[in-house]
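A.B. asks: 3D, please:
(chains A and B)
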Amino acid sequence: MMAGDKEGLFSQKNRRLLIDPLDDDNPITVQVLGICSALAITVQLKAAFVMSLAVMFVLVFGNLIVSLLRNMIPNRIRIIVQLIIVAFLVILVDQVLKAYAYDVSKELSVFVGLIITNCIIMGRFEAFALANGPWKSILDGIGNTIGYAVILIVVSFFRELFGSGKLMGYEVLGHKGKTLAESTGLYHYGYENNGFMMLAPMALITVGILIWFQRSKNRKLIED
Amino acid sequence: MDRNSNLYTFIFAVLLVVGVAAALAFTATTLKPLQAENVKKEKMQNILSTIGVNVSRDEAGQQFEDYVKEEMALNADGTVNESVDAFKIELMKETKKPKEEQAFPIYLAEKDGKQFYVIPLFGAGLWKEIWGYVALGSDKNTIVGASFDHAGETAGLGAEINQSWYEDQYIGKTIFDENGTFVSVRAIKGGSQPGDIHGVDAISGGTITCDGVNAMVAERLENYLPYFKNN
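C.D. replies: Numbering: from 1, shown residues only, chains lettered A, B, ... in the order given. Just a heads-up that it's a prediction; the model follows:
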């Protein structure tokens, strides 16, 4: 974009930054970034939500900082500079969670630290924020985290539902007692949770099914 | 200044690192009291849970005062060390000292007219430290509740030690055999025999963590034998 070029805050181009990562350019299913946390954190819906929020904070502010510094960052140490910025924001999130949302911080424990290694973040810094202005970078950050969050939430929905019969911690399929007579809901008729859904391989398979579904629906992604 | 010169790179790196360090140091210091309060209340929650009192973290402070009548630090010979605040003892540091110099914290709680002895535990798991609390009934023999936690055991395997299905197995087990010899309570690989009053089922795939729990329970409880003998 040339200097002086007027462009609305939500011009079509900017809107695409928000919308593309939801489907055509989804960070997980199309760019295949951030798979590690998609496997680790999708056992429960709640953890997936919190993880998405934390990633959104880090990515949006990180993109903004990198974008503001983009004309100052020495090229040769740019990766290290990006790393410091991510690490800074992650430690900030971790400290704030420990002070104000202790339970959540316990639940996420190591995963908060793992945001640093979330490829989406470094990927977007390097591929987008270093080359674009602050506003666009913020939009890109929001777009990509929503794309990430959607997949995380869909995967954890199925994993929590079939793996432990709960959603957001509520027993939606009934309560499993020690005997059939004590159980309610589906469990009363002999339904069993699928323990396999709790393990990481099923997350990979679920993501795989999502990718398959998406590719069969979205014409732009169909390869010859 | 040339953005690719060594000097520029160097100055940029120094400024960035100093700036980030200052900002983080400031946040950490400001939030420290709030974080410490959370940790303290969680400790109270854990102690209360072993005597069957489950409270939210907000209520923990008040409930703790209601139920826990006495907090004591013991010397290795079982006498009470008045100069140490039991609640403030950090077992991670304490267990590094030789036995004779350690202070052993114990909490005397009372619920529904019954006396309980709550003993904090600390030991090593597979990856990082593990800790917990065991409450003994007034006979100083029967476990009435146990609570374990860990810093970084494998999720789904060793990490299961903080789940109630594992912790609740300890309820009703005894730490002395019929001759009055200290035998502790052990998690047994392959499952404990029915009727075993000193054994619980270990966790499949969590053997090293369970070995750590066994060692921790046995090593910690043994330190309180002189006190139990004299009181």
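
A.B. asks: Can you name every helix or strand that the host helix or strand of residue A:201 contacts?
C.D. replies: Taking DSSP states H and E as the definition, one finds residue A:201 inside helix A:200-217. Secondary-structure packing of helix A:200-217 (3 or more CB pairs under 8 Å, 6 or more residues apart in numbering or on different chains; DSSP states H and E): helix A:35-40, helix A:134-164. Glycine gets a C-beta too; all of them are placed from N, C-alpha and C.

A.B. asks: what separates it from the chain centre, distance-wise?
C.D. replies: Here the centre of helix A:200-217 is set off from its chain's centre by 15 Å, with CA atoms, centre = their mean, to the nearest Å.

A.B. asks: Quick one: mean pLDDT over it.
C.D. replies: Mean pLDDT, computed over helix A:200-217, is 88.

A.B. asks: Could you do stretch B:41-48 as well?
C.D. replies: On average, stretch B:41-48 scores 89.

A.B. asks: which other residues reach it?
C.D. replies: The contact list for stretch B:41-48 (CB atoms under 8 Å, 6 or more residues apart in numbering or on different chains) reads A:102, B:54-55, B:57-58, B:60-61, B:63-64, B:67-68, B:87, B:107, B:109, B:118, B:120, B:132-133, B:147, B:149.

A.B. asks: and residue A:35, what does it touch?
C.D. replies: A:28, A:119, A:204, A:207.

A.B. asks: what's the following helix or strand after the lowest-mean-pLDDT helix or strand in chain A?
C.D. replies: When the helices and strands of chain A are scored by mean pLDDT, DSSP states H and E, helix A:102-114 comes last with a mean of 74. The helix or strand immediately downstream of helix A:102-114 is helix A:119-124, counting by DSSP H and E.

A.B. asks: Please identify the helix or strand for residue B:130.
C.D. replies: Counting by DSSP H and E, the element that carries residue B:130 is strand B:129-136.

A.B. asks: what's the answer for residue B:69, then?
C.D. replies: Assigned by DSSP H and E, residue B:69 belongs to strand B:68-74.

A.B. asks: ok, the residue nearest to residue A:203 when sequence neighbours are not counted - contacts?
C.D. replies: Nearest residue to residue A:203, sequence neighbours excluded (CB to CB, 6 or more residues apart in numbering or on different chains): residue A:39, at 4.3 Å. Contacts of residue A:39 were listed using CB under 8 Å, 6+ apart, and they are A:200, A:203, A:204, A:207.

A.B. asks: same deal with residue B:51?
C.D. replies: Shown in contact with residue B:51 (CB under 8 Å, 6+ apart): B:67, B:109, B:111, B:116, B:118, B:135, B:144, B:145.

A.B. asks: Filter those residues down to the ones in helices?
C.D. replies: Among the contacts of residue B:51, the ones falling in helices (DSSP state H) are residue B:67.

A.B. asks: From the contacts of residue B:51, pick the one nearest residue A:174.
C.D. replies: Distance to residue A:174 across those (CB to CB) is lowest for residue B:145, with 28.7 Å.

A.B. asks: before we move on, back to that, Provide the strand pairings for the strand holding residue B:130, with the direction of each partner.
C.D. replies: Using DSSP bridges, the strands paired with strand B:129-136 are strand B:114-124 (antiparallel), strand B:143-150 (antiparallel).

A.B. asks: Give me the contact list for that strand.
C.D. replies: B:46-47, B:49-51, B:91-92, B:109, B:116-124, B:142-151, B:153, B:161, B:170, B:175, B:209, B:212-213, B:216-217, B:221.

A.B. asks: gap between the spatially most distant residue from the centre of chain A and residue A:187?
C.D. replies: Most distant residue from the mean C-alpha position of chain A: residue A:181, 40.6 Å away (CA atoms, centre = their mean). Distance, residue A:181 to residue A:187, by CB to CB, to the nearest Å: 11 Å.

A.B. asks: again with residue A:213
C.D. replies: Distance of residue A:213 to residue A:187, given as CB to CB: 29 Å.

A.B. asks: higher neighbour count, those two?
C.D. replies: Using other CB atoms under 10 Å in any protein chain shown, the more surrounded residue of residue A:213 and residue A:187 is residue A:187, with 19 against 11.

A.B. asks: ok, and the closest non-adjacent residue to that one?
C.D. replies: Distance criterion CB to CB, 6+ apart; nearest residue to residue A:187, sequence neighbours excluded, is residue A:176 at 4.4 Å.

A.B. asks: Could I get the buried residue list for stretch B:49-66?
C.D. replies: By neighbour count on 16 or more other CB atoms under 10 Å in any protein chain shown, the buried set for stretch B:49-66 is B:49, B:50, B:51, B:53, B:55, B:60, B:63, B:64.

A.B. asks: should've said stretch A:62-80
C.D. replies: A:62, A:63, A:64, A:65, A:66, A:67, A:69, A:70, A:73, A:74, A:77, A:78.

A.B. asks: Dump the C-alpha coordinates for the host helix or strand of the third one into PDB.
C.D. replies: With secondary structure defined by DSSP H and E, residue A:64 is part of helix A:45-68. These are the backbone C-alpha positions of helix A:45-68, laid out as PDB (Å, rounded to 0.1, in the frame of the first residue of the first chain):
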ATOM      1  CA  LEU A  45     -14.100 -27.700  26.100                       C
ATOM      2  CA  LYS A  46     -13.300 -25.300  28.900                       C
ATOM      3  CA  ALA A  47      -9.500 -25.700  28.600                       C
ATOM      4  CA  ALA A  48      -9.800 -25.200  24.800                       C
ATOM      5  CA  PHE A  49     -11.700 -21.900  25.300                       C
ATOM      6  CA  VAL A  50      -9.200 -20.600  27.800                       C
ATOM      7  CA  MET A  51      -6.300 -21.700  25.700                       C
ATOM      8  CA  SER A  52      -7.800 -19.900  22.700                       C
ATOM      9  CA  LEU A  53      -8.200 -16.700  24.700                       C
ATOM     10  CA  ALA A  54      -4.700 -16.900  25.900                       C
ATOM     11  CA  VAL A  55      -3.400 -17.500  22.400                       C
ATOM     12  CA  MET A  56      -5.500 -14.600  21.100                       C
ATOM     13  CA  PHE A  57      -4.000 -12.200  23.700                       C
ATOM     14  CA  VAL A  58      -0.500 -13.300  22.800                       C
ATOM     15  CA  LEU A  59      -1.000 -13.300  19.100                       C
ATOM     16  CA  VAL A  60      -2.800 -10.000  18.800                       C
ATOM     17  CA  PHE A  61      -0.500  -8.000  21.000                       C
ATOM     18  CA  GLY A  62       2.600  -9.900  19.700                       C
ATOM     19  CA  ASN A  63       1.500  -9.100  16.100                       C
ATOM     20  CA  LEU A  64       1.000  -5.400  17.100                       C
ATOM     21  CA  ILE A  65       4.400  -5.100  18.800                       C
ATOM     22  CA  VAL A  66       6.200  -6.800  16.000                       C
ATOM     23  CA  SER A  67       4.400  -4.700  13.400                       C
ATOM     24  CA  LEU A  68       5.200  -1.500  15.300                       C
END
